[in-house]
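Novice: predicted coordinates and the sequence they were generated for:
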Amino acid sequence: MLRYGKIFSHRVTAYAISLFGGKTMHIPDGLVPPVISATGFALALGATVPLYRKAGLPASKITRISLVAAVVFVSSLVHIPVGLTTVHFTFAPLAGILLGPFSFVAVFLAIFLQWLLLGHGGITTLGLNTFAMGSAALLSCFLFCRISSLLPARGKHAAFPAVLAAVSGALLKVVLVGTILLFSGFPRETFFLLILLHLPVILGEGAVAGLAVYHLSRHFRARGEAFAGA
């Protein structure tokens, strides 16, 4: 059983302020040491640069990247009440399914605009948040492509791997954020509390991705027209 005295230590209380603001999917400024923030930028760049050196950024992808970035941005406005706080979607797993490695660009643009216009996250933690959400997107893309290669490409057969991939990606996102907080000195109870609070979002991400892929697969003859890496 969690001990309330440990959960509401002064550092967890600081994080709870951001929880009560409905910004739990983003790490705000001031909660992690500068060295971890710098590591986040290094990880984000280290994951992004090799991908784009190999794949490039064709003009045909720019419109889709912009549209998906807009969807990821708007996702932060969809709040789910959980206890005394609210959590929100990211749609990063869906971005990964639709864009593959290019989802890193969409995620970065969305997170930057969320900080700039809505006050979500922080400028010093932009790298950490991009890496966490981008990793969720890439894992979702990988799992979706691997599982869907074994099944027919359309309808419910396309939706099933999307649900599994999106749930896995959303869980990874929360685990990464919790791990970052642990390395920043937060007690381990925070990690489990974070996962518990985001269970509705994790399941919701799977449902949204499944519905989106189901309908897209019915309207595109070739799965590769709609989904990355397919």
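Specialist: Nice, I can see it.
Novice: now do the contacts for the residue nearest the centre of the chain.
Specialist: With distances taken as Cα atoms, centre = their mean, Met133 lies nearest the centre of the chain, 3.3 Å away. Met133 makes contact with 25, 72, 90, 92, 107, 111, 173, according to Cβ atoms under 8 Å, 6 or more residues apart in numbering. C-beta coordinates here come from the backbone N, C-alpha and C atoms, glycine included.
Novice: excluding its backbone neighbours, what's nearest the last one?
Specialist: Nearest non-adjacent residue to Lys173, counting by Cβ to Cβ, 6 or more residues apart in numbering: Ala136, 3.8 Å away.
Novice: and for Arg64, the neighbour number?
Specialist: 15 (other Cβ atoms under 10 Å).
Novice: can you classify it as helix, strand or coil?
Specialist: helix (DSSP: H, G, I helix; E, B strand; the rest coil).
Novice: now do it, the pLDDT please.
Specialist: Arg64 is assigned a predicted lDDT (pLDDT) of 87.
Novice: list the buried residues of the strand or helix carrying the residue nearest to the centre of the chain.
Specialist: Assigned by DSSP states H and E, Met133 falls within helix 126-148. Buried residues in helix 126-148, counted by 16 or more other Cβ atoms under 10 Å: 126-145, 147-148.
Novice: buried ones in stretch 184-199?
Specialist: 184, 186-187, 189-191, 193-194, 197-198.
Novice: next step: the residues you listed restricted to helices.
Specialist: Cross-referencing the buried residues of stretch 184-199 against helices under DSSP state H gives 189-191, 193-194, 197.
Novice: leaving out sequence neighbours, find the closest residue to Leu182.
Specialist: Leu182 sits nearest to Phe191 (Cβ to Cβ, 6+ apart), 5.7 Å away.
Novice: contacts only, for the residue nearest to Cys141 when sequence neighbours are not counted.
Specialist: Nearest residue to Cys141 in three dimensions, chain neighbours excluded: Gly96, at 3.9 Å (Cβ to Cβ, 6+ apart). Residues near Gly96 by Cβ under 8 Å, 6+ apart: 103, 136-141, 144, 165, 169, 228.
Novice: what is the most widely separated pair among the residues you listed?
Specialist: Greatest spatial distance among those (Cβ to Cβ): Ala136 and Ala228, at 14.3 Å.
Novice: how far away is Val163 from Leu203?
Specialist: 9 Å (Cβ to Cβ, to the nearest Å).
Novice: of these two, which one has the most company?
Specialist: Val163 (22 against 15).
Novice: tell me where the protein has strands.
Specialist: Applying DSSP state E to the chain gives strands spanning 79-82, 85-88.
Novice: circling back: separation between the residue nearest to Lys173 and Thr63?
Specialist: 23 Å.
Novice: I'd say Val82 and Pro200 touch.
Specialist: Yes - judged on Cβ atoms under 8 Å, Val82 makes contact with Pro200 at a distance of 6.3 Å.
Novice: ok, those two, which is more surrounded?
Specialist: Val82 (17 against 14).
Novice: near Leu150, how many other residues are there?
Specialist: Other residues close to Leu150 by other Cβ under 10 Å number 8.
Novice: list just the nearest of the contacts of Gly96 to Gly119.
Specialist: Nearest member of these to Gly119, counting by Cβ to Cβ, is Ala136, at 22.0 Å.
Novice: residues touching the nearest residue to Ala132 once chain neighbours are set aside, list them.
Specialist: Of all residues not flanking Ala132 in the chain, Leu176 sits nearest, at 4.2 Å (Cβ to Cβ, 6+ apart). If you count contacts by Cβ under 8 Å, 6+ apart, Leu176 has them with 131-132, 135-136.
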